[in-house]
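Visitor: Predicted model follows, preceded by the sequence.
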Amino acid sequence: MIDRPSVYSDWETEYRNVEAIHMKETFQSFPSAVVAIAALVDGTPTVMIATSFTVGVSYEPPMCLFAAQKSSTTWPQLATAECVGISILGTRHQAHIRQLGSRKAANRLDGIEWTQLPSGAITLYDAPMWLECSVAAQVDAGDHHVVLFEVKGSSLVNEHEPLIYHNTTFGTYIPR
């Protein structure tokens with residue numbers, strides 16, 4: 001049996017450290033999906049990546065959410081679209097992660113196969129899953145906007161392995 005303290009004497013210094021840099025490191029240790037959120041905006045294919053995505057917020061109606069940094073210059077553009085495509089990135093996208101998240105927005109989709117849905121939503125080929133969504137609500141949350149989406153359509157392709165973001169690296173889930 002492991003000897004565990006009944007009282008943490010260093011509680012205030014060790015465990016109440018909620019400074020932004022510490023919390024960023026703490027949150028990055030939580031494995032999460034990597035998604036591309038994309039749409040045609042004013043005739044231009046527009047995309048951003050996010051690791052703050054959650055499914056299963058509601059099943060009736062189907063809803064999901066993500067958090068966008070308030071400093072993002074891409075989210076305000078995407079927020080104007082009728083619908084966005086949310087592609088869960090797969091192992092075939094791993095080589096393109098930095099490109100999809102680049103500050104050079106015009107080049108983010110270069111060499112990446114994608115399709116435009118009738119709503120203007122854009123999805124990436126070889127994604128294990130994609131969703132077509134409309135914005136249902138947006139709430140301010142500190143230095144982010146929490147965006148709630150209503151799912152309008154979906155596709156599931158089980159032969160593609162999803163990418164996972166964990167401790168500032170991208171990889172895959174290996175069942176044991």
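Guide: Sure, I can see it.

Visitor: Show the residue spans covered by the helices in this protein.
Guide: 11-14, 20-28, 75-78, 97-100 (DSSP state H).

Visitor: Considering the ones you listed, which stretch scores lowest in mean pLDDT?
Guide: Mean pLDDT is lowest for helix 11-14 among the helices of the chain, at a mean of 65.

Visitor: And I86, what's its pLDDT?
Guide: 98.

Visitor: which residues sit in contact with it?
Guide: 35-37, 53, 64, 66, 130-133, 149 (C-beta atoms under 8 Å, 6 or more residues apart in numbering). C-betas here are computed from N, CA, C, even on glycine.

Visitor: One more: V84?
Guide: By C-beta under 8 Å, 6+ apart, the neighbours of V84 are 37-39, 78, 121-122, 132-135, 149.

Visitor: Excluding residues flanking it in the chain, which one is nearest it?
Guide: Counting by C-beta to C-beta, 6 or more residues apart in numbering, A39 is the residue found nearest to V84 once chain neighbours are left out, at 4.5 Å.

Visitor: Give me the most central residue, the chain.
Guide: A50 (2.9 Å; C-alpha atoms, centre = their mean).

Visitor: where are the low-confidence patches of the chain?
Guide: 1, 5-6, 8-16 (pLDDT under 70).

Visitor: 90 instead, please
Guide: Low-confidence segments of the chain (pLDDT under 90): 1-33, 56, 97, 101-106, 158-161, 163-176.

Visitor: quick one, strands of it?
Guide: Along the chain, the stretches classed as strands by DSSP state E are 32-33, 35-41, 44-50, 53-59, 62-69, 84-88, 114-116, 122-124, 129-141, 144-156, 163-166, 169-172.

Visitor: contact partners of the fourth one?
Guide: Meaning strand 53-59. So strand 53-59 is contacted by 32-33, 35, 63-66, 86, 88, 148 (C-beta under 8 Å, 6+ apart).

Visitor: and which of these is nearest to Q99?
Guide: Checking the contacts of strand 53-59 against Q99 by C-beta to C-beta gives V35 as the nearest, at 15.2 Å.

Visitor: picking that back up, I'd like the contacts of V84 laid out as JSON lines, including neighbour count and distance to T168.
Guide: Below are these laid out as JSON lines (neighbours: other C-beta atoms under 10 Å; distance: C-beta to C-beta, whole Å):
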{"residue": "I37", "neighbour count": "26", "distance to T168": "20"}
{"residue": "A38", "neighbour count": "30", "distance to T168": "23"}
{"residue": "A39", "neighbour count": "27", "distance to T168": "28"}
{"residue": "L78", "neighbour count": "20", "distance to T168": "24"}
{"residue": "A121", "neighbour count": "26", "distance to T168": "29"}
{"residue": "I122", "neighbour count": "28", "distance to T168": "27"}
{"residue": "E132", "neighbour count": "23", "distance to T168": "30"}
{"residue": "C133", "neighbour count": "28", "distance to T168": "27"}
{"residue": "S134", "neighbour count": "14", "distance to T168": "32"}
{"residue": "V135", "neighbour count": "16", "distance to T168": "29"}
{"residue": "F149", "neighbour count": "25", "distance to T168": "26"}
